[in-house]
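>>> okay, sequence plus prediction incoming.
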Amino acid sequence: MKYPAAGLILLSIVIAALGCKPRAGNRLSTGHHSSAPEFSLPDINGQKLDLASFRGRIVLLDFWATWCAPCRTEIPHFVDLQNKYGPQGLQIIGISLDDSAKPVQKFYAEQKMNYPVAVGDDKLAEAYGGVLGLPVAFLIDRDGRIIAKHTGETEAAIFEKEVSEAVKQ
């Protein structure tokens with residue numbers, strides 16, 4: 001090849017395009033189980049939503065938006081998980097990345113969501129390592145450590161298995 005550097009660049013682009021990014025639903029190891037960044041936001045009803053107040057519970061923190069089709073698919077499963085595992089210590093928290101609370105409030109009522117939801121921003125998304133696509137969900141243990149991260153639509157059975165294991169510990 002006349003320009004070896006150009007060949008390496010082309011090869012890098014092809015490799016990236018063929019799947020060096022996480023597939024939807026991948027469980028990404030967080031290595032040393034880093035602490036979940038704390039936040040305090042008003043929920044869509046104006047009440048204080050503070051991550052620290054859920055210490056001692058398993059938290060499934062879901063970054064989503066009303067316009068995100070995979071997010072809309074996952075939410076009914078989260079409602080079911082909250083019903084099933086809430087009494088055993090699960091707390092699901094939704095962080096919508098919509099521009100305002102108005103569409104979120106309407107969607108919340110339509111879907112009969114049974115867990116707190118707040119409208120987040122770029123600063124909160126960046127604190128969680130940058131949320132470059134939706135949905136992104138974090139499973140946080142009772143001590144506030146991230147034990148799993150899912151990028152993209154994730155099968156309900158995966159969340160069920162992880163939550164089931166986490167509430168037993």
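Sure, I can see it. Numbers count the residues shown, from 1 in each chain.
>>> for whichever strand or helix holds Val79, buried residues please.
In the assignment (DSSP states H and E), Val79 maps to helix 69-85. By 16 or more other CB atoms under 10 Å, the buried positions in helix 69-85 come out as Pro70, Cys71, Arg72, Glu74, Ile75, Phe78, Val79, Leu81, Gln82, Tyr85. C-beta coordinates here come from the backbone N, C-alpha and C atoms, glycine included.
>>> pLDDT below threshold where in this protein?
Counting by pLDDT under 70, the ranges of the chain that qualify are 1-32.
>>> for the buried residues of helix 69-85, give me a markdown table that also has distance to Ala118.
Putting the buried residues of helix 69-85 into a markdown table (distance: CB to CB, whole Å) gives the following:
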| residue | distance to Ala118 |
| --- | --- |
| Pro70 | 20 |
| Cys71 | 15 |
| Arg72 | 18 |
| Glu74 | 17 |
| Ile75 | 15 |
| Phe78 | 15 |
| Val79 | 17 |
| Leu81 | 19 |
| Gln82 | 16 |
| Tyr85 | 21 |
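>>> where along the chain do the helices fall?
Along the chain, counting by DSSP state H, helices occupy 4-17, 69-85, 101-111, 122-127, 156-168.
>>> and the closest residue to Ile93 other than its chain neighbours, how many neighbours?
Closest residue to Ile93 apart from its sequence neighbours, by CB to CB, 6 or more residues apart in numbering: Leu61 at 5.2 Å. Leu61 has 23 neighbouring residues, counting by other CB atoms under 10 Å.
>>> what's the answer for Gly46, then?
For Gly46, the neighbour count with other CB under 10 Å is 7.
>>> and the gap between it and Ile58?
Distance, Gly46 to Ile58, by CB to CB, to the nearest Å: 26 Å.
>>> which of the helices of the chain has the highest mean neighbour count?
helix 69-85 (a mean of 17; mean count of other CB atoms under 10 Å).
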